[in-house]
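Participant: got a structure for you, letters missing:
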């Protein structure tokens, strides 16, 4: 089956990724379960950017790895370019992985320090048999280096000879080598200096405009995703609590957790920043091993009611494209 014109590039339905915690040395038994991702649904269209945001440990990165099928899916379905890839084995995923790539958080740890940059970028070409000959291989690597704003001559250097921002550009070039349709960006600028972050975000946007890529852009910083995302999904303790077009989310956030995240984003005007009220969330994020009943945010929510403590809210549409999982929203 191939993707139809009306079908999204990526469709995730009811995704659950649980990890068993085993106890015992000789006779191992399952003592508990980590509910890292616990029933989320979202879609992503060709050429679109969906920002996935939330605190550390909420399940964002696990979601990205599950979409790539680098983690086993406990329940739910993943459809990519019209194909159900939820249960495909390693050999069946191989041709599909050409169309799905990842840019990692650590631009140094994700690059082999013993390989020259040209070999790092060109390795996917060899793995997938995309270079006709040595000349075509060299030309493609040079083209990719230029695409991410580096000189072709830099291919002869090693990763340690580059700055953090340049190393992330190398990681982006490697992801683009196989001409993917979807790139999952897992906190791709969080390890970079603030002065470099904007340059890398602009590079992502330029590459997307040229190649028509779709991004699942994972981050904890709402200020970063604001500049690159078409839509934003907010995640808390394994659940998506709000999804909306970018401007709608920033103008009219409906979930108390989204409002708290936005309140934590500093305003680059000292006078305005000093005069605004700050909302500080009380308590700690509950454990994904034993999430609270009802709304998972109710233990920290200043607006929680008795219903929030016993009844789990469903993701419902309040306005066109704006979905919220909150009993009080709207």
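Facilitator: It's in. Everything numeric in this text was worked out from a predicted model, so none of it was measured.

Participant: quick check: residue 47 touching residue 213?
Facilitator: Yes: using CB atoms under 8 Å, residue 47 is in contact with residue 213, at 7.0 Å. Every C-beta, even on glycine, is put in place using the N, C-alpha and C of the backbone.

Participant: who has more neighbours out of these two?
Facilitator: Taking other CB atoms under 10 Å, residue 47 and residue 213 do not tie; residue 213 has more neighbours (22 against 15).

Participant: now the nearest residue to that one once chain neighbours are set aside: which helix or strand?
Facilitator: The shortest distance from residue 213 to any non-neighbouring residue, by CB to CB, 6 or more residues apart in numbering, is to residue 183 (5.6 Å). Element membership for residue 183, per DSSP states H and E: strand 182-186.

Participant: tell me who's in contact with the residue nearest to residue 159 when sequence neighbours are not counted.
Facilitator: The spatially closest residue to residue 159, leaving aside those adjacent along the chain, is residue 111, at 4.3 Å (CB to CB, 6+ apart). Contacts for residue 111 (CB atoms under 8 Å, 6 or more residues apart in numbering) come out as 120, 159, 167, 170, 171.

Participant: ditto for residue 199
Facilitator: Shown in contact with residue 199 (CB under 8 Å, 6+ apart): residue 165.

Participant: shouldn't it be within a helix?
Facilitator: Yes: the assignment for residue 199 by DSSP: H, G, I helix; E, B strand; the rest coil puts it in a helix.

Participant: what about residue 77, which helix or strand?
Facilitator: strand 75-80.

Participant: what residues sit buried inside that strand?
Facilitator: Buried positions in strand 75-80, judged by neighbour count with 16 or more other CB atoms under 10 Å: 76, 78, 79, 80.

Participant: what angle do that strand and strand 182-186 make?
Facilitator: With axes from the mean of the first three to the mean of the last three CA atoms, to 10 degrees applied, the angle from strand 75-80 to strand 182-186 works out at 130 degrees.

Participant: paired strands for strand 75-80, with orientation please.
Facilitator: According to DSSP bridges, strand 75-80 forms sheet pairs with strand 10-23 (antiparallel), strand 83-84 (antiparallel).

Participant: and residue 36, which of the three is it?
Facilitator: strand.

Participant: list the residues that contact the closest residue to it other than its chain neighbours.
Facilitator: Setting aside the residues directly before and after it, residue 36 is nearest to residue 62 in space (CB to CB, 6+ apart), at 4.4 Å. For residue 62, the contact set (CB under 8 Å, 6+ apart) comprises 17, 36, 37, 71.

Participant: what does residue 300 give?
Facilitator: Residue 300 is in contact with 281, 282, 283, 285, counting by CB under 8 Å, 6+ apart.

Participant: state the distance from the last one to residue 327.
Facilitator: Looking back up the chat, that one is residue 285. 20 Å (CB to CB, to the nearest Å).

Participant: same deal with the first one?
Facilitator: According to CB to CB, residue 281 and residue 327 sit 18 Å apart.

Participant: now residue 124. Nearest residue, chain neighbours left out?
Facilitator: Closest to residue 124 by CB to CB, 6+ apart is residue 177, at 4.3 Å.

Participant: ok, back up a step: how far away is the residue nearest to residue 159 from residue 294?
Facilitator: From residue 111 to residue 294 the distance is 44 Å (CB to CB).

Participant: check residue 39 too.
Facilitator: Residue 39 sits 14 Å away from residue 294, going by CB to CB.
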